[in-house]
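**Student:** Give me a model of this one.
(2 chains)
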Protein chains: 2
Amino acid sequence: MDASSPATRLARQIEFIFEVDQLKEIFRQTVNPRSRRAENDAEHSWALCLCVITLAEHANFPNLNVLHVLKMVILHDLVEIDAGDTFAYDTAAMAGQHEREARAADRIFGLLPPDQTREFRALWDEFEEKLTPEAKFATAVDRFQPMLLNCRTEGAAWNRHGVTQDRVLARNQHIADGCAELWRFAANMVQEAVDAGHLKPGPAA
Amino acid sequence: MDASSPATRLARQIEFIFEVDQLKEIFRQTVNPRSRRAENDAEHSWALCLCVITLAEHANFPNLNVLHVLKMVILHDLVEIDAGDTFAYDTAAMAGQHEREARAADRIFGLLPPDQTREFRALWDEFEEKLTPEAKFATAVDRFQPMLLNCRTEGAAWNRHGVTQDRVLARNQHIADGCAELWRFAANMVQEAVDAGHLKPGPAA
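**Tutor:** Numbering: from 1, shown residues only, chains lettered A, B, ... in the order given. The predicted model follows:
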């Protein structure tokens, strides 16, 4: 069969889809508010898609390419199939994270036909670099969504790891680069978590 | 605070996002291939997003609006938060399904600001009616993705419910309306499942 025929391309693409179905088995530190079980990366990625289509109007950028943002959030965590989830406040684990994830991107996106390998890898690189309006907005929702779940579970993941308000604010202030309105909301939400005793203020307080 | 201010809209949108986070707790009959646990609707919705961006080139329609398809698949199962998942081969449960889901759509999309209630409800109605190219392609991936998981789990959900090849083909032939190439692949895949003894051919065989 011709390697460039639609049927051959489709078969290869479906093997990619089946391989990355494993995203459902990559568990995060964040806890789902109803069941109180760990969220997985597939659920998280869907939740980001929902945030993007619901909140895009608030982006700092008037001509945001929403399709481009969605492609980034659909793909952004596939590398964790090989590299694992790195907790956002685990600075030791974060050393070498990008190199591990870049190797994972080589393997995983390499399962696709070459033109799509390049397209999806470029989307992941753009997300990682956080320079374009689309990457900045994708990053904003990627940072905000776990904060929302943490605040609605009495700070479950924060408290289990001893994370304090100062670190939450320092880690997530990049939300403002993509969506200033969302950062105002998030900072208030975090203050309410502190006021409710669900998050410790930190060493300087 | 002004009801139409960005901050007020955002707060309402985030309550919607939190409410529909429950999609993670709606479990389906389909089994995830690695863990062999039931797939949930959030995971399924993400998997459809991935199928859309990976397979859109094969759609029957050359000028498919991929963003529009993605919005439909992100939202298509939210109604199941109230109405529950209806197994595709449970004809008794399917009676009244649309009415239950339409009531759910009223409540759930009604949580949003009115303009967005209208936009998201129109997307869900379009998906349900299956008339536009975008709805036909969304339906094609919504039918294909559980078939793929069933074929990669030795027909787990089919066999648990006594579903046979003739019913699988009859139920899913609408894939061809959105993506003829994908239907060719799916029909072959189902035949392979029969040949491997993972799916019974049906009463006429």
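**Student:** just the helices in chain A please.
**Tutor:** A:6-19, A:41-55, A:66-75, A:80-83, A:91-94, A:97-109, A:114-129, A:133-151, A:156-160, A:165-172, A:175-178, A:180-195 (DSSP state H).
**Student:** where does chain A dip in pLDDT?
**Tutor:** For chain A, residues meeting the criterion pLDDT under 70 lie at A:1, A:204-205.
**Student:** tell me, what residue is most central in chain A?
**Tutor:** Centroid-nearest residue in chain A, with CA atoms, centre = their mean: A:D142, separated by 4.0 Å.
**Student:** Skipping adjacent residues, who's closest to it in space?
**Tutor:** A:L48 (6.0 Å; CB to CB, 6 or more residues apart in numbering or on different chains). Backbone N, C-alpha and C define where each C-beta goes, glycine included.
**Student:** Contacts only, for the one you found.
**Tutor:** Residues near A:L48 by CB atoms under 8 Å, 6 or more residues apart in numbering or on different chains: A:73, A:76, A:138, A:141-142, A:145.
**Student:** if we can go back for a sec, rebuild the helices of chain A as a markdown table, extending it with distance to B:C179.
**Tutor:** What follows is the helices of chain A, written out as a markdown table (distance: least, CB to CB, whole Å):
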| stretch | distance to B:C179 |
| --- | --- |
| helix A:6-19 | 9 |
| helix A:41-55 | 21 |
| helix A:66-75 | 19 |
| helix A:80-83 | 26 |
| helix A:91-94 | 41 |
| helix A:97-109 | 23 |
| helix A:114-129 | 17 |
| helix A:133-151 | 27 |
| helix A:156-160 | 40 |
| helix A:165-172 | 40 |
| helix A:175-178 | 34 |
| helix A:180-195 | 36 |
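**Student:** can you tell which of those helices is closest to B:V66?
**Tutor:** With CB to CB, the closest approach to B:V66 among the helices of chain A belongs to helix A:66-75: 6.0 Å.
**Student:** Any chance you could list what contacts the closest one?
**Tutor:** With contact meaning CB under 8 Å, 6+ apart, helix A:66-75 is reached by A:45, A:48-49, A:52-53, A:56, A:120, A:123-124, A:126-127, A:134-135, A:137-138, A:141-142, B:46, B:49-50, B:53, B:66-67, B:70.
**Student:** for stretch A:197-205, same thing?
**Tutor:** So stretch A:197-205 is contacted by A:151, A:154-155, A:158-159, A:163-168, A:190, A:193-194 (CB under 8 Å, 6+ apart).
**Student:** what does stretch A:6-20 give?
**Tutor:** A:1-2, A:78, A:81, A:108, A:111-113, A:116, B:33, B:47, B:50-51, B:54-55, B:57-58, B:148, B:152, B:181-182, B:184-185.
**Student:** Number of residues surrounding A:F127?
**Tutor:** 22 (other CB atoms under 10 Å in any protein chain shown).
**Student:** can you count the residues close to the spatially closest residue to it that is not a sequence neighbour?
**Tutor:** Nearest residue to A:F127 in three dimensions, chain neighbours excluded: A:M72, at 4.5 Å (CB to CB, 6+ apart). A count of nearby residues for A:M72, using other CB under 10 Å, gives 24.
**Student:** wait, what's in contact with the nearest residue to A:F137 once chain neighbours are set aside?
**Tutor:** Nearest non-adjacent residue to A:F137, counting by CB to CB, 6+ apart: A:G178, 4.1 Å away. By CB under 8 Å, 6+ apart, the contact set of A:G178 is A:59-60, A:133, A:136-141.
**Student:** Output the contacting helices and strands for the longest strand along chain A.
**Tutor:** When chain A is parsed with DSSP state E, its longest strand is strand A:27-31. Secondary-structure packing of strand A:27-31 (3 or more CB pairs under 8 Å, 6 or more residues apart in numbering or on different chains; DSSP states H and E): strand A:38-40, helix A:41-55, helix A:133-151, helix A:156-160.
**Student:** Provide the strand pairings for that strand, with the direction of each partner.
**Tutor:** strand A:38-40 (antiparallel) (DSSP bridges).
**Student:** Tell me the gap between the partner strand and the middle of its chain.
**Tutor:** Relative to the centre of its chain, strand A:38-40 is centred 13 Å away, using CA atoms, centre = their mean, to the nearest Å.
**Student:** repeat for stretch A:86-102
**Tutor:** Distance, centroid of stretch A:86-102 to centroid of chain: 14 Å (CA atoms, centre = their mean).
**Student:** Pull the number of nearby residues for the residue nearest to A:D177 when sequence neighbours are not counted.
**Tutor:** Distances taken as CB to CB, 6+ apart put A:K136 closest to A:D177, at 4.9 Å, once the chain neighbours are dropped. The number of residues packed near A:K136 is 22, by other CB under 10 Å.
**Student:** Hmm, A:K136 is touching A:F127, no?
**Tutor:** No: assessed by CB atoms under 8 Å, A:K136 is found out of contact with A:F127, at 10.0 Å.
**Student:** Can stretch A:148-166 be said to contact chain B?
**Tutor:** Yes: applying CB under 8 Å from any CB of the partner chain, one finds stretch A:148-166 touching chain B at A:148-149, A:152.
**Student:** Using CSV, write out the CA atom coordinates for stretch A:135-151.
**Tutor:** Output of stretch A:135-151 as CSV, limited to C-alpha atoms (Å, rounded to 0.1, in the frame of the first residue of the first chain):
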residue,chain,number,x,y,z
ALA,A,135,0.5,30.0,24.3
LYS,A,136,0.1,32.7,27.0
PHE,A,137,-3.6,32.1,27.2
ALA,A,138,-3.2,28.3,27.2
THR,A,139,-0.8,28.7,30.1
ALA,A,140,-3.2,30.9,31.9
VAL,A,141,-6.0,28.2,31.9
ASP,A,142,-3.4,25.5,32.6
ARG,A,143,-2.4,27.3,35.8
PHE,A,144,-5.9,28.4,36.8
GLN,A,145,-7.8,25.1,36.5
PRO,A,146,-5.8,23.2,39.2
MET,A,147,-6.0,26.3,41.5
LEU,A,148,-9.8,26.2,41.1
LEU,A,149,-9.9,22.5,42.0
ASN,A,150,-7.6,23.1,45.0
CYS,A,151,-9.7,25.9,46.3
